[in-house]
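Asks: Sequence and computational prediction follow.
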Amino acid sequence: MRTTIKKTIFPTIFYLLKYKLDKIHSMKIETNIAHFTTPLYLESGRILEPYKIAYETYGELNKDASNVILICHALSGSAHAAGLHEGERKAGWWDRLIGDGKAIDTTKYFVISTNVIGSCFGSTGPMDNDYPKLTPFRLKFPVITIKDMIKAQKQLLSSLGIHHLKAIIGGSMGGMQALQFAVDYPNFADKIIALATTYATQPWAIAFNKVAMEAIRRDPRFQNGNYEKGAFREKGLDGLAIGRIAGHISYLSPDSMNSKFGRNYVNNDGLFELFGRYEVERYMEYNTNNFSKIFDPLSYLYIVKAINTFNLSRGYDSLHEAILRIKAEVTLISFKGDYLFFPKEMEHIHRMMQRNGQNSSYYEIDSNYGHDAFLVEIEKFDTIIKDKLNML
């Protein structure tokens, strides 16, 4: 049945104290890059060979490898899902969810977080060399799909001697990967937990992504993909920054923007200066300019393409046939204020599974934060994940 969750947020001081106490416990973190010389046959018909996958592990693998959880990241994510690397100030993107004693408890589970192929954070992407050439793929890199991403991850897991998973968990594009695993490899995982995602990317989301793609392509410094490695580390790429503004708008919600910024104006900007800014404008500038310095624009284009082409029913006669293949226990978590992947899209999967007699539960979290709630409002759904993982 459908469940709507309204959970009281802990007082800020209490939560920060709890977070600091949690950090006292140190989990085992390992960072690796796996190299493969066997060909990866892609959905497009092309082949990627050789290729590499960056990944991190947290906790300890038990003797029969029955405690493994796979974490799948969103568009701009990386394998660094939790913990702190030496010299870092910012922890992994789901650090409040993964760790010793947390919802995804690394004293119980061996957690693997991988970086998708096509990314710029360690796995093979468009700025890697097109073997045996000594020059990058650039626009010769093959189009990657969500199916290709999970096929590469499954290859990685097999190379580690892991052939079955306790759970696969991801949000947004990570949720797409989790659902694709459930359909394409029905016996591979016991549990699937997908947050803030969909069964197929809808025109509304594709339209937002189009802004980013065109802004990047039309930036003269993009040079049709023929820029040098590291060309944007100092100044970033304006086209990517502009495109990321569109992304940020889709990740937030009107309510979250109102509460965060209101109509506050930047103090030292004149109201009647043409380019004077509201606080929301300054926020967009700051975050997107920084992002364009660390994320490769070609990787952004390829990953956005993967998101746009996501459709669980592709390769099957219908969505119903695809969903019918699922054997895992599925938990779907949506957010009321999500204007990128609307809750009704995940509820549609749940209702279909219910009609089929499949094991599915659906939670719509009461949130005004928007799509990014799956990264920010951890305290509103961590108990759900903890309970689902602890169920026999």
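Replies: Looks like it arrived, so ask away.
Asks: Count the neighbours of E273 for me.
Replies: Each residue near E273 was counted by other Cβ atoms under 10 Å, and the total is 8. For the C-beta atoms, the positions are set from N, CA and C on the backbone; glycine is no exception.
Asks: And for the one 5 residues further on?
Replies: Y278 has 16 neighbours, counted by other Cβ under 10 Å.
Asks: and if you look at N390?
Replies: N390 has 10 nearby residues by other Cβ under 10 Å.
Asks: Then K108?
Replies: Neighbours of K108 under the rule other Cβ under 10 Å: 17.
Asks: Just say helix, strand or coil for it.
Replies: Judged by DSSP: H, G, I helix; E, B strand; the rest coil, the three-state class of K108 is coil.
Asks: Let's check: the centremost residue of this protein is which one?
Replies: In the chain, the centroid-proximal residue (Cα atoms, centre = their mean) is A74; its distance is 1.3 Å.
Asks: What residue spans form the domains of this structure?
Replies: 2-201+310-390, 209-308 (automatic domain parsing).
Asks: Buried deepest among the ones you listed, which one?
Replies: Neighbour counts (mean count of other Cβ atoms under 10 Å) averaged over each of the domains of the chain peak at domain 2-201+310-390, with a mean of 19.
Asks: related to what we said a few turns ago, setting aside sequence neighbours, what's the nearest residue to the residue nearest to the centre of the chain?
Replies: Spatial nearest neighbour of A74, chain neighbours left out: S172 (3.9 Å); criterion: Cβ to Cβ, 6 or more residues apart in numbering.
Asks: Please apply the same query to M353.
Replies: Nearest non-adjacent residue to M353, counting by Cβ to Cβ, 6+ apart: S360, 3.7 Å away.
Asks: tell me the phi and psi of the one you found?
Replies: With angles defined as degrees, to the nearest 10, S360 sits at phi -140, psi 140.
Asks: For it, list the residues it contacts.
Replies: Counting by Cβ atoms under 8 Å, 6 or more residues apart in numbering, S360 touches E329, V330, T331, L332, I349, H350, M353, Q354.
Asks: which non-adjacent residue is nearest the fifth one?
Replies: Of all residues beyond its chain neighbours, the one nearest I349 is Y199 (5.3 Å), with distances taken as Cβ to Cβ, 6+ apart.
Asks: wait, that neighbour sits on H320?
Replies: No - Y199 is beyond contact range of H320, at 10.7 Å (criterion: Cβ atoms under 8 Å).
Asks: so where's the stretch 1-150 of the chain shaky on pLDDT?
Replies: For the stretch 1-150 of the chain, the stretches flagged by pLDDT under 70 are 1-25.
Asks: which residues in it form helices?
Replies: With helices called from DSSP state H, counting those that start in this stretch, the stretch 1-150 of the chain shows them at 12-24, 146-159.
Asks: still on that earlier bit, would you check how far apart the residue nearest to I349 and N356 are?
Replies: To N356, Y199 is 14 Å away according to Cβ to Cβ, to the nearest Å.
Asks: same check, this time on I365
Replies: 25 Å.
Asks: Could you do K147 as well?
Replies: Applying Cβ to Cβ, the value for K147 to N356 is 22 Å.
Asks: Then T57?
Replies: With the distance defined as Cβ to Cβ, T57 ends up 35 Å from N356.
Asks: Might you report the residue contacts of the residue lying closest to A91 once chain neighbours are set aside?
Replies: Nearest non-adjacent residue to A91, counting by Cβ to Cβ, 6+ apart: L84, 5.1 Å away. Neighbouring residues of L84 by Cβ under 8 Å, 6+ apart: K90, A91, G92, D95.
Asks: Closest to R325 out of the residues you listed?
Replies: The closest of the contacts of L84 to R325 turns out to be G92 (Cβ to Cβ; 31.9 Å).
Asks: which residues does D130 contact?
Replies: Counted by Cβ under 8 Å, 6+ apart, D130 has contacts P136, F137, K140, F141.
Asks: doesn't G118 make contact with the second one?
Replies: No - counting by Cβ under 8 Å, F137 stays clear of G118, with 10.3 Å between them.
Asks: In contact with the residue nearest to I349: list those residues for me.
Replies: Counting by Cβ under 8 Å, 6+ apart, Y199 makes contact with L179, N311, L312, S313, L319, I323, E345, M346, H348, I349.
Asks: Give me the distance between F121 and N359.
Replies: As defined by Cβ to Cβ, F121 lies at a distance of 34 Å from N359.
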